[in-house]
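> Okay, sequence plus prediction incoming.
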Amino acid sequence: MTIDVASLLEWITAPAGGVVIVCIILYWVAKSITAVVSWVAARLDTWVNKHFETLSRIIQDSEEDRKLYKESITKILSQFDEIDHKIDTQSKKIDKLVQLVSKESK
């Protein structure tokens, strides 16, 4: 039994040949997709764990930043209170001086 090229091409281009070729292509695509899914599944646990580690680090950094922010605001408010007290004291002194000057000028 000999197969010549012409009859092979005729069989491949016939409807049955097209079906066989499509089945081979679909098998190859399915095998490729399975390989990709297996590759992703093997690494997914590592990716998710790294993601959660990153989120935990971001949350921890945020908590530390918030603590520092609160301390800074508290310190600034304390300094504002000191400045306000000094201004109030100076204002009272100025008022006393103004009263003294106004009494002497009368």
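The structure has been received and is ready for your questions.

> tell me which strands and helices the helix or strand bottoming out on mean pLDDT in the chain is in contact with?
One helix or strand of the chain scores below all others by mean pLDDT, DSSP states H and E: helix 5-13, with a mean of 77. Applying 3 or more Cβ pairs under 8 Å, 6 or more residues apart in numbering; DSSP states H and E, we find helix 5-13 packed against helix 15-105. In short, each C-beta sits where N, CA and C put it, glycine included.

> What's the local residue count around residue 17?
Counted with other Cβ atoms under 10 Å, the neighbours of residue 17 add up to 14.

> and the gap between the nearest residue to it once chain neighbours are set aside and residue 18?
In space, and not counting its chain neighbours, residue 17 is closest to residue 11: 5.1 Å by Cβ to Cβ, 6 or more residues apart in numbering. Separation of residue 11 from residue 18 (Cβ to Cβ, to the nearest Å): 10 Å.

> Same check on residue 24?
To residue 18, residue 24 is 11 Å away according to Cβ to Cβ.

> residues bridging contact with those two, i.e. touching both?
Counting by Cβ atoms under 8 Å, 6 or more residues apart in numbering, residue 24 and residue 18 have no contacts in common.

> Low-confidence regions, the chain specifically.
Low-confidence segments of the chain (pLDDT under 70): 1, 106.

> middle-most residue in it, spatially?
With distances taken as Cα atoms, centre = their mean, residue 55 lies nearest the centre of the chain, 8.2 Å away.

> gap between that residue and residue 49?
Separation of residue 55 from residue 49 (Cβ to Cβ) stands at 11 Å.

> and if you look at residue 89?
Taking Cβ to Cβ, one finds residue 89 at 60 Å from residue 49.

> try residue 56
10 Å.

> Could you do residue 57 as well?
13 Å.

> again with residue 4
To residue 49, residue 4 is 60 Å away according to Cβ to Cβ.

> do residue 78 as well
44 Å.

> and the gap between residue 105 and residue 98?
Distance from residue 105 to residue 98, by Cβ to Cβ: 11 Å.
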